[in-house]
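Undergrad: coords please:
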Amino acid sequence: MRLPCQSPKASRATTKCSLEKLHETQFIAGEDSGQAGADPFGLGTHAPVCDSIFFLLSSISSTADFKSTIGGTVKKVRGSTILIALIFTVSAAAQETLPLLMQHPAVSKTQLAFAYGGEIWIVDRNGGDARRLVTGSGIESGPVFSPDGSMVAYTGDYDGNEDVYVVPATGGEPRRLTYHPASDVAIGWTPDGKRIIFRSTRNSFSRFERLFTVPAEGGFPTELPLPMGVEGSFSTDGSHIAYVPRWNRRLGAVPSYIAIDHYRGGLTSPIWIANLSDSSIVTVPRENSNDFDPMWIGGKVYFLSDRSEKVALFSYDTKTKEVKEALKNDGLDIKSASAGPDAIVYEQLGSLHLYNLATGTTKKIDVRVSGDLPQVRPHFEKLGEHIVNFGISPTGQRAVFEAHGEVLTVPAEKGDIRNITHSPAVAERDPTWSPDGKSIA
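TA: Predicted coordinates:
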C-alpha cells in the first residue's frame, strides 16, 4: 500500500532551514502528483491494455451491427454490447491479477486471517469476500489462530507501543494481554490453547529478544527457559519447541526486513529444537542458510528457508533427522507461513496460497477486500520523523532532504519548501547537490 506525499500550495510560508521547521511542515499524502502520464482512472498496470481497448472501441459506433458466427449460426451483436463485455472483462482481469499485499496469514480449520492495510482481516478458507476483524487508530499485524480456531491473537500498536491482544474469531472487543514498555510481538499459541507465545526484549540486557507465554485470559507472562529467541512452535505434547534463536532482522512486529538477499554472514537464522525440561537442543541441519517460521506438525517441523536460493517450504523429520524440500519454489520468495490443523498458508507476492499437508499440493486462494481504507485518502502528514538523508547547497541558501520517499529542498531563511520529485509510486533516496548547485542527484 503506497502513501505518497505532495506539498500543498498552502505551505508557501516563510520558514528556516531546520529539522524543526521541516517537522512542522505538512504535506498531503495520498494525492497524485499531477504529472504527465498520471493514471486518472486508477487502472495501474492495466492502463496499456485498457488504452488499446479504448482505442479499438473509439472506432466502433455504438449503433453499428456486427456479425458473429457461433456454432454455425450467424448472429447480430450490437456495438454497445461489445463495449459492456470488454469493460467488464478488463475490470475482472484487473481485480484477479493485481496483488493485494496481504501479509502474515494464519489458517484454521475453516478460516484464514491476514494483515492488510494495518488491520486484521478474516475470510473463509476457500476465499471470497474478507471482512475486517480488527480495526483502530493504530497498526495491527501478525494474526495467529488458537488451536481450535475460536480466537485470534495479534500484535497491536495503538498507543505508540506494540503489545499482544486477543479477539474472538467471530469478532468482538479485543483484549490487551501485555503492558510492558518494550515491544511484545505475538507469534503463536501453546498446544492446549491456554497461552500465547510472544517475543520481547523486556528481560534482555542488550539488543536481543526472548520468548514468553501469557495466559489468553490475562495474567503475568512466563519466560521460556531459553537464552534468546524470536520465533517458536511447540510440539504436540508441549515438551519441546522448535525455535529461531536469532536472525538478521530489525526488532519489532514486522519481521519482513532482511539486510541482504541470500545473506550468509554471522547472523543467519538457524532453527533449534529445545527440550524444555533441561534446555538441551538439537539443530536442524543446514549450511549457513536463513531458516525461519518453524511450524511443528505431528512428527515434522516445517519451515521456510533460502537454502535453495529462493525461499521455499522445507520439512525436518524429528525421527530420521532428515530435511526435505516440501514445496519447490521457482517464483518470488515466500515471505511468511503459518500452520493449521491440516494445511499451511503462505504469502507470496502479496497473495495467499494453501499447502495441503496430506497431498502435498498447493492452490492460490482468491480473496477480495472491500473497505473504505481511510489510510489511502489524501491527508496531511508530518514528515519530521521520516527524514533520512540531507545535504547543503554549494551556496548555503538551500538544503535538500530525503523524507517519506521524496526529495525536498528547504530555504535557509525565506522561500518555499519544494517537493522536487513528486513520484508517489517510487522512493527516492540519498539526494546530493552538484558542485555548481544546478542539479541534485
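Undergrad: list the buried residues in the strand or helix carrying residue 306.
TA: Using DSSP states H and E, residue 306 falls within strand 300-308. For strand 300-308, burial by neighbour count (16 or more other CB atoms under 10 Å) applies to 300, 301, 302, 303, 304, 305, 306, 307. (Glycine included, C-beta is placed from N, CA and C.)
Undergrad: can you check stretch 276-295 too?
TA: 284, 286, 289, 290, 291, 292, 293, 294, 295.
Undergrad: pLDDT of that stretch, averaged?
TA: Mean pLDDT, stretch 276-295: 94.
Undergrad: which other helices and strands does the strand holding residue 306 contact?
TA: strand 291-297, strand 310-317, strand 334-339 (3 or more CB pairs under 8 Å, 6 or more residues apart in numbering; DSSP states H and E).
Undergrad: gap between it and the chain center?
TA: Relative to its parent chain, strand 300-308 has a centroid offset of 20 Å by CA atoms, centre = their mean, to the nearest Å.
Undergrad: what's the angle from it to strand 291-297?
TA: 160 degrees (axes from the mean of the first three to the mean of the last three CA atoms, to 10 degrees).
Undergrad: same list, the buried residues of strand 300-308, but as JSON lines with distance to residue 233 please.
TA: Below are those laid out as JSON lines (distance: CB to CB, whole Å):
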{"residue": "300", "distance to residue 233": "11"}
{"residue": "301", "distance to residue 233": "7"}
{"residue": "302", "distance to residue 233": "9"}
{"residue": "303", "distance to residue 233": "9"}
{"residue": "304", "distance to residue 233": "12"}
{"residue": "305", "distance to residue 233": "15"}
{"residue": "306", "distance to residue 233": "19"}
{"residue": "307", "distance to residue 233": "19"}
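Undergrad: pick out the most distant pair among these.
TA: The distance between the two most remote of these (CB to CB) is 19.6 Å, for 300 and 306.
Undergrad: and the helix or strand harbouring residue 129, which residues are buried?
TA: Assigned by DSSP H and E, residue 129 falls within strand 128-134. For strand 128-134, a neighbour-count test (16+ other CB under 10 Å) marks 130, 132, 133, 134 as buried.
Undergrad: quick check, nearest of those to residue 360?
TA: residue 130 (27.0 Å).
Undergrad: does the closest one touch residue 117 like I think?
TA: No - contact status for residue 130 versus residue 117: not in contact, 11.0 Å apart, counting by CB atoms under 8 Å.
Undergrad: any chance of CSV for the buried residues of strand 128-134, columns pLDDT and distance to residue 203?
TA: As requested, the buried residues of strand 128-134 are exported to CSV (pLDDT from 0 to 100; distance: CB to CB, whole Å):
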residue, pLDDT, distance to residue 203
130, 96, 37
132, 94, 34
133, 96, 31
134, 91, 28
